[in-house]
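Asks: this one's sequence-less:
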């Protein structure tokens, strides 16, 4: 893939963040998601690429755009797989809470796992802990391995996971080790990526969440040199059959390279609301400011991008509900 594609993809996440940001705190999560999806779809089609959505808003009959199998781009340029979460944290935007962002990942055609819409057990760590964690081992064993790798006392290690009833056993085991916990209300892509940045205060991600989001996070972790492992968790016979059709037996451990083959992959995200990693969209005096992150696995380059957008020169980019993109 061309290096210049990285900044083109930032334009996509910026547009989605700008459009969904006008819905922050208004209690309308579906409207926020629609705004992000429409903006993302519009900008995608200006990019010189031959893209196909492999992880999106649903199957063709379930989503009006960014559905699985949809073709994006000008059809000139590299053939790529696209995984999108136009708005990770729709409820976070509706409530005006932390850590909502627009996010996508791309890879050469055939390199991204076409993860089905089901739960995935996950474990993620940053580069200091690559190779020292094992999703099949206990929470306690992995926490102590992280503490050793990062030269920390166990009481200084912070684990993050979604705040869900199904995670009460993990939470109990973390507390019994003496480690700290940072619970996430929604959106575990950000939680996984945070493990690779010391300033977020997060060392390891545990727990189950959406499998599609797991693949997106895996691209980011690969670019950061960290480690990500997952196990698909089918809940019925139909979901088990979907796994087998993909060539994956249920309860098989998926390593990072199983989810993201090769190293020519790019992760991009823009914050909608403030989070540990980035500041959210801010509107002031006819301008909007965005903060984005883009990472390329092939080079290991990580860029934080701040954008200043003129509301006057971008018709439809306004916080007034009556205007559209």
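Replies: Looks like it came in fine. Please read these numbers as outputs of a predicted model, since none were measured by experiment.
Asks: quick one: the residue most central in space within the chain and residue 41, what's the gap?
Replies: In the chain, the residue lying closest to the centroid (CA atoms, centre = their mean) is residue 189, at 3.7 Å. According to CB to CB, to the nearest Å, residue 189 stands 20 Å off from residue 41. Placement of C-beta: from N, CA and C, glycine included.
Asks: does residue 8 sit in a helix or strand, and which one?
Replies: helix 5-21 (DSSP states H and E).
Asks: next SSE downstream of that helix?
Replies: helix 29-44.
Asks: buried stuff in that next one?
Replies: Using 16 or more other CB atoms under 10 Å as the test for burial, helix 29-44 gives 29, 31-41, 43-44.
Asks: same check on stretch 149-168?
Replies: Those would be 149, 150, 157, 158, 159, 160, 161, 162, 167, for stretch 149-168 by 16+ other CB under 10 Å.
Asks: next, give phi and psi for the fourth one.
Replies: Main-chain dihedrals, residue 158, degrees, to the nearest 10: phi -120, psi 120.
Asks: pretty sure it sits against residue 201.
Replies: Yes. Using CB atoms under 8 Å, residue 158 is in contact with residue 201, at 5.6 Å.
Asks: backbone dihedrals for the closest residue to residue 251 other than its chain neighbours, please?
Replies: Nearest residue to residue 251, sequence neighbours excluded (CB to CB, 6 or more residues apart in numbering): residue 231, at 5.9 Å. Here is the backbone geometry of residue 231 (degrees, to the nearest 10): phi -130, psi 120.
Asks: list the beta-bridge partners for residue 231.
Replies: Taking DSSP bridges, one obtains residue 121, residue 253 as the residues bridged to residue 231.
Asks: and it, how far is that from residue 40?
Replies: 29 Å.
Asks: could you pull out the helices for the stretch 151-300 of the chain?
Replies: Ranges of helices within the stretch 151-300 of the chain are 168-177, 188-194, 211-224, 237-245, 256-259, based on DSSP state H, counting those that start in this stretch.
Asks: scratch that, the stretch 1-150 of the chain
Replies: Using DSSP H, counting those that start in this stretch, helices in the stretch 1-150 of the chain cover 5-21, 29-44, 90-95, 139-149.
Asks: of those helices, which is nearest residue 180?
Replies: Nearest to residue 180, of all the helices of the stretch 1-150 of the chain, is helix 139-149, at 10.2 Å by CB to CB.
Asks: got the buried residues for that closest one?
Replies: Quick answer for helix 139-149 (16+ other CB under 10 Å): 139, 142, 143, 144, 145, 146, 147, 149.
Asks: circling back: what's the closest of the helices of the stretch 1-150 of the chain to residue 74?
Replies: helix 29-44 (9.8 Å).
Asks: identify the residues contacting stretch 305-313?
Replies: 7, 10, 14, 18, 283, 286-294, 317-318 (CB atoms under 8 Å, 6 or more residues apart in numbering).
Asks: hmm, who's touching the helix or strand of the chain at the bottom of the mean pLDDT ranking?
Replies: Least confident helix or strand, the chain: helix 237-245 with a mean of 87, by mean pLDDT, DSSP states H and E. With contacts defined as CB under 8 Å, 6+ apart, helix 237-245 is touched by 116, 118, 232, 234, 249, 250.
Asks: now stretch 171-180
Replies: Contacts of stretch 171-180 (CB under 8 Å, 6+ apart): 138-140, 143-144, 147, 154-159, 161, 181, 183, 206.
Asks: give the buried residues for that stretch.
Replies: Neighbour count says stretch 171-180 has 171, 173, 174, 177, 179, 180 buried, by 16+ other CB under 10 Å.
Asks: ok so, going back, what touches both of residue 158 and residue 201?
Replies: With CB under 8 Å, 6+ apart as the test, residue 158 and residue 201 both reach residue 182.
Asks: now do the same end-to-end measure for stretch 38-51.
Replies: 17 Å (CA to CA, to the nearest Å).
Asks: mean confidence score for it?
Replies: Looking at stretch 38-51 alone, the average pLDDT works out to 94.
Asks: do the same with stretch 210-229
Replies: 96.
Asks: circling back to that earlier point, JSON lines for the buried residues of helix 29-44, including distance to residue 128?
Replies: Output for those, formatted as JSON lines (distance: CB to CB, whole Å):
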{"residue": "29", "distance to residue 128": "36"}
{"residue": "31", "distance to residue 128": "41"}
{"residue": "32", "distance to residue 128": "36"}
{"residue": "33", "distance to residue 128": "35"}
{"residue": "34", "distance to residue 128": "40"}
{"residue": "35", "distance to residue 128": "38"}
{"residue": "36", "distance to residue 128": "33"}
{"residue": "37", "distance to residue 128": "36"}
{"residue": "38", "distance to residue 128": "40"}
{"residue": "39", "distance to residue 128": "36"}
{"residue": "40", "distance to residue 128": "33"}
{"residue": "41", "distance to residue 128": "38"}
{"residue": "43", "distance to residue 128": "35"}
{"residue": "44", "distance to residue 128": "35"}
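Asks: list just the nearest of those to residue 78.
Replies: Among the buried residues of helix 29-44, and counting by CB to CB, the member closest to residue 78 is residue 44, at 13.8 Å.
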